[in-house]
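Colleague: Structure of the sequence below:
(one chain, ligands or ions: 3)
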Amino acid sequence: MPSRISDAFKAHPLHLNHKHLDLNSVQELPDSYAWTGVDENPSGDSLITESVPVIDLTDPHASELVGHACKSWGVFQVTNHGIPGSLLDDIESAGRSLFSLPAQQKLKAARSPDGVAGYGLARISSFFNKLMWYEGFTIFGSPLEHARQLWPQDYTKFCDVTEEFEKEMNQLAERLMWLMLGSLGITKEDVNWAGSKGDFKAALQLNSYPACPEPDRAMGLAAHTDSSLFTILYQNTVSGLQVQREGAGWITVPPLPGALVINVGDLLHILSNGVFPSVVHRALVNRTKHRLSVAYLCGPPASVPISPVPKLVDSSHPPLYRPVTWSEYLCTKAKHFDKALSLVRLCMPRNGFIDVNDHNGVKVG
Ligand SMILES: C=C1C[C@]23C[C@H]1CC[C@H]2[C@@]12CCC[C@@](C)(C(=O)O1)[C@H]2[C@@H]3C(=O)O
Ligand SMILES: O=C(O)CCC(=O)C(=O)O
Ligand SMILES: [Fe+2]
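Modeller: Ligands and ions are numbered 1, 2, ... in the order given. From the prediction side, this is the model:
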């Protein structure tokens, strides 16, 4: 099993990057991009339409609210999070300047088939027989080499902005982690790798969804859960993000000015012994507007095995998952996609508790 995140995909390279179309110049939806069932299960079909919780982080009850949102939704939005609006504007501009480069230029920074970082299709593309209306750029570590290839004359701006953004996101991640775990009575002593500052690793993902001639039949980013502890997502003003809610179908997470979306990932689901569900989500596209999002996928240091926190385990709550490192999990996900979580599961939950992440029999794609 790989011990470094950058080696996580070596055993399962993605050889699809050549299938790349310049989506900005396509007038009609090619058959290879036409999905069926995109419009199935909209939340409007149920009688009560619930919405994803919005939490003001300066609220004195923030931890309880966050805990409740994590348990019952696995996703929430935050306001008053302390990330300057100007930095959100800057990261959006950095993304725009990247994705508006000519296709040939972007391909100079193409992610290698077995790599983590760079420009290309979504990693999960190989699990679907249709292509996504999507292009992405992943930063893991320094983006310097790729930025030099993209903008030989002027690469420092992109590096400065992404570095500053990651620095701020790291601090917010630290705060959120303890709000989430704190709501379960878990302290730093219970999670020994998270004792000091700056212990998170993260992937920064820039996502671009060009305007699409037939949005009702296209898929921006197919349904998935994140292989992170949790993800902090900035979306521009164009809506598209949807989360799957048991019994309610697909619920749109509306872009709120200045707000950030936080979603539980598979590793926090494991760490919380299944108490926090990792939410299935996807992104749809728009007919006239270009949608951009930036995801900060927060994970533990590469060599740390993640397992259910002992405090959450007793005779009536046996550990549901075996220990797994981030890189090992990414490798399992690259091979088995939505079966990855059940592959690290030790036993089925007791007491008739249904694990929302058990997709056996439920199609997420
Ligand atoms: C650290 C990660 C987590 C990755 C893979 C690797 C780098 C990029 C991440 C994403 C970002 C876009 C959705 C996703 C599903 C994808 O295709 O690439 C994510 C995937 C995961 O969460 O599994
Ligand atoms: O673009 C979005 O809203 C979702 C992006 C996402 O799910 C991801 O980057 O993991
Ligand atoms: Fe995601």
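
Colleague: Now for residue 306: which residues touch it?
Modeller: 229, 267, 270-271, 300, 323-326, 329 (C-beta atoms under 8 Å, 6 or more residues apart in numbering). The C-beta positions use only the backbone N, C-alpha and C, and glycine is treated the same way.

Colleague: Leaving out chain neighbours, which residue sits closest to it?
Modeller: Spatial nearest neighbour of residue 306, excluding adjacent residues (C-beta to C-beta, 6 or more residues apart in numbering): residue 267 at 5.0 Å.

Colleague: same question, residue 335
Modeller: residue 12 is the one closest to residue 335 (C-beta to C-beta, 6+ apart), at 5.0 Å.

Colleague: Starting from residue 295, give me the distance back to that neighbour.
Modeller: From residue 12 across to residue 295, the span is 21 Å (C-beta to C-beta, to the nearest Å).

Colleague: which of the two has more neighbours?
Modeller: Neighbour count, other C-beta atoms under 10 Å: between residue 12 and residue 295, residue 295 has more, with 24 against 17.

Colleague: right, and that one touches residue 205 too?
Modeller: Yes - under the criterion of C-beta atoms under 8 Å, residue 295 makes contact with residue 205 at 4.3 Å.

Colleague: pLDDT-wise, which helix or strand of the chain ranks last?
Modeller: Lowest by mean pLDDT, DSSP states H and E among the helices and strands of the chain is helix 103-106, with a mean of 94.

Colleague: Buried residues in that one, which are they?
Modeller: residue 106 (16 or more other C-beta atoms under 10 Å).

Colleague: How about stretch 291-301?
Modeller: Quick answer for stretch 291-301 (16+ other C-beta under 10 Å): 291-300.

Colleague: which ones are touching the residue of the stretch 151-300 of the chain found nearest ligand 1?
Modeller: Nearest residue of the stretch 151-300 of the chain to ligand 1 (C-beta to the nearest ligand atom) works out as residue 227 at 3.4 Å. Contact analysis of residue 227 by C-beta under 8 Å, 6+ apart lists 265-267, 297, 299, 326, 329-330, 333, 340.

Colleague: list the contacts for residue 82?
Modeller: 57, 168, 171-172.

Colleague: Show me which pair in the residues you listed is furthest apart.
Modeller: Comparing every pair within the contacts of residue 82 by C-beta to C-beta identifies 57 and 168 as the most remote, at 13.7 Å.

Colleague: backbone phi and psi for the closest residue to residue 286 other than its chain neighbours, please?
Modeller: Excluding the flanking residues, the one nearest residue 286 by C-beta to C-beta, 6+ apart is residue 238, at 5.3 Å. Main-chain dihedrals, residue 238, degrees, to the nearest 10: phi -90, psi 120.

Colleague: If anything else comes up later, I'll come back, but that's it for now.
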